[in-house]
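> next input, structure requested:
(chains A and B)
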Amino acid sequence: MITGKESAVSRTDTGESAASGDVGVAGVPSLKGDLARDLAAAAMALARRFAAGATLWCWSPRWPEHAQHVAVEFVHPVIMGTRALPATAVEDPDPIATLRTLVSSGDVLLVLGAAGDGAVRSALSRAQAWGATTIWIGAGPRAPQQGSAPGDPVADHVLWFDEGSAEAPYNGAFVLAYHVLWELTHVCFEHPGLMKAAVAECVDDDHCITCSDEATLGEVMGSGPAGARVRTAAGVTDVDTTLVDPVDPGDLLLIHAGVAISSVDGGGA
Amino acid sequence: MSSEGTNFLYPFIDAEESDAGSLLADLASSAEAKGRESGRLRLLTFDRTASLLDVIATGMAEQFGNGGRLFVFGNGGSSTDAGGVVSLFRTPPWGQALHARSLVAEQAVLTALGNDVGFELVFSRQLIAHARAGDIALGISTSGNSTNLVTAFAEARRRDMLTVGLAGYDGGQMASSPHVDHCLVVPADSVHRIQETQAALIFELWSRVQAALASKVGSPNDN
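Residues are numbered from 1 along each chain as shown, chains lettered A, B, ... in the order given. You can find the predicted model right below:
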């Protein structure tokens, strides 16, 4: 019988060196190196968002059962006494429209999907305009990293299985990743000093809108007095669209000082 | 983290903690440790179930070859594993698509049965409606004791299905039930680690079923 300490951080079993991308037993990637660090950072961000009142939205176009599994982990924890947290799996014929309606600024969107999935990339890039923190669990060829400009279709936290990857959605690797994400998130709650809002800002995101004059991402809601009314992480605002006209609802725009300075490919509305 | 043992005496220490670096390092180490633990359990379980997996895969391939259908069921996280099984068998990443259905997929049926006859019968009543001799019942549980699974296996036996269980801990009632032909037990007491290895077992089972079907001549599932 192997026993599991499900919620406690192990303080003893840390002797091995962490080599990124190691393939574990039975051909399954283990949680080493980069992936372990990414999980830690994602758990910290998720815990902070929960502490600030977030809902976790879970979506997987190809493997909806995984999204449901993530949600049930948080809502009905396997460890008695662990707090129930608001997490919901989304399944809808028009997932982007549904997420647009459900996701509020400050929420977290967790997507399980392949790098080549256009709907996944669309949701992740729009989530930035919606003000949501994004976590992407996937496998296979990595999504191309497109630099640090806002509007990149890359999640805030990428939990990726590079090796043995085609099987990762099926062989327990994804399950392991989100189980550990849940476990680490609850460890974070044992550190209330690190859950404060002031600490949470400007730590995880490269593009903190409150302390940077970089352009922000906005999603066009409709026409506005200056051109278009757009949704950004900071709220709804009217922007001048002279430089990017014509624009349509659902378009993603880079906005600087009240002016839309370029369009961003959002992968379809 | 090292002072955590006495921090309860000084609650302001945790409340004032502001450097996330050491916690992040601990979290990463913990993630690696949990991954190793999951891997060890997987190896142990595969070692113990190697021949049983072959027996089950051969039996399932035979049922599929004769027109049998697969019905999968479980509660909670295991219900999502049931969805994963169906996804794997019915819309496989490669190989042959097979007739597989989840008994947790339909809200109307689940809530109607749960409300009218009780949650312990939600799976067995569906088998009464759908199943026939030569079909396969696959029930997934971590405890091995879920009443609605045990009840469903009894019904499956009555209907002459091939019955396969996945359980954790010591296998619970499913491991000793005369109505379960084969029970794959993941010998652990962590729900999470059990489910991870169960997913691996399911994938292995599916792979072996595919291999068994591929080794046969012609299309075995032409109904």
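
> helices along chain B, start to end?
If DSSP state H is used as the criterion, the helices of chain B fall at B:4-7, B:11-16, B:21-65, B:77-90, B:107-116, B:124-130, B:147-158, B:172-176, B:191-214.

> now do the stretch 151-269 of chain A
If you assign secondary structure with DSSP state H, counting those that start in this stretch, the helices in the stretch 151-269 of chain A sit at A:173-188, A:197-200.

> remind me what the longest one packs against, helices and strands.
Secondary-structure packing of helix A:173-188 (3 or more CB pairs under 8 Å, 6 or more residues apart in numbering or on different chains; DSSP states H and E): helix A:33-51, helix A:64-75, strand A:133-139, strand A:157-161, helix B:21-65, helix B:191-214. C-beta: built from backbone N, CA, C; applies to glycine.

> run the chain-centre distance for it.
How far helix A:173-188 lies from its chain's middle: 14 Å, per CA atoms, centre = their mean, to the nearest Å.

> about what we covered before: which of the helices of the stretch 151-269 of chain A has the lowest mean pLDDT?
Ranked on mean pLDDT, the bottom entry among the helices of the stretch 151-269 of chain A is helix A:197-200, at a mean of 50.

> about what we covered before: and the helices of the stretch 151-269 of chain A, which is most packed in?
Burial of the helices of the stretch 151-269 of chain A is given as mean neighbour count (mean count of other CB atoms under 10 Å in any protein chain shown); helix A:173-188 ranks first at a mean of 26.

> what's the angle from that one to helix B:191-214?
Counting by axes from the mean of the first three to the mean of the last three CA atoms, to 10 degrees, helix A:173-188 points 180 degrees away from the direction of helix B:191-214.

> now do helix A:173-188 against helix A:64-75, angle only.
Using the same axes, to 10 degrees, helix A:173-188 lies at 20 degrees relative to helix A:64-75.

> between helix A:173-188 and helix A:33-51, how big is the angle?
Using the same axes, to 10 degrees, one finds that helix A:173-188 and helix A:33-51 are set 50 degrees apart in direction.

> count the neighbours of the residue of chain B found nearest chain A for me.
Among all residues of chain B, B:Ser190 sits closest to chain A, at 2.5 Å; criterion: CB to the nearest CB. Other residues within reach of B:Ser190 by the criterion other CB atoms under 10 Å in any protein chain shown amount to 25.

> kindly report the same for the one 5 residues further on.
For B:Gln195, the tally of surrounding residues (other CB under 10 Å) stands at 30.

> wait, A:Val264 sits on A:Ser125?
Yes. Taking contacts as CB atoms under 8 Å, A:Val264 lies within contact range of A:Ser125: 7.1 Å.

> and the helices and strands packed on helix A:173-188: which comes nearest A:Gly224?
Ranking the helices and strands packed on helix A:173-188 by distance to A:Gly224, with CB to CB as the measure, places strand A:133-139 first at 26.4 Å.

> using CSV, list the CA coordinates for the closest one.
Extracted C-alpha coordinates of strand A:133-139, given in CSV (Å, rounded to 0.1, in the frame of the first residue of the first chain):
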residue,chain,number,x,y,z
THR,A,133,-5.8,35.2,-15.6
THR,A,134,-5.3,32.3,-17.9
ILE,A,135,-3.9,28.8,-17.3
TRP,A,136,-3.3,26.5,-20.3
ILE,A,137,-2.8,22.7,-19.8
GLY,A,138,-1.7,21.1,-23.0
ALA,A,139,0.6,18.7,-24.8
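
> what angle separates it from helix A:64-75?
On the basis of the same axes, to 10 degrees, strand A:133-139 is oriented at 130 degrees to helix A:64-75.

> for chain B, longest strand please?
The single longest strand within chain B, with elements called by DSSP state E, is strand B:162-168.

> is chain A contacted by it?
No. Using CB under 8 Å from any CB of the partner chain, strand B:162-168 never reaches chain A; the gap is at least 10.3 Å.

> report the mean per-residue pLDDT for that strand.
Mean pLDDT, taken over the full extent of strand B:162-168, equals 98.

> over to stretch B:173-180?
Stretch B:173-180 carries an average pLDDT of 98.

> gap between the helix or strand containing A:Val111 and the chain center?
Counting by DSSP states H and E, the element that carries A:Val111 is strand A:108-112. How far strand A:108-112 lies from its chain's middle: 5 Å, per CA atoms, centre = their mean.

> does that strand reach chain B?
No. For strand A:108-112 and chain B, the contact criterion (CB under 8 Å from any CB) is not met; the two come no nearer than 11.5 Å.

> lovely, talk soon.
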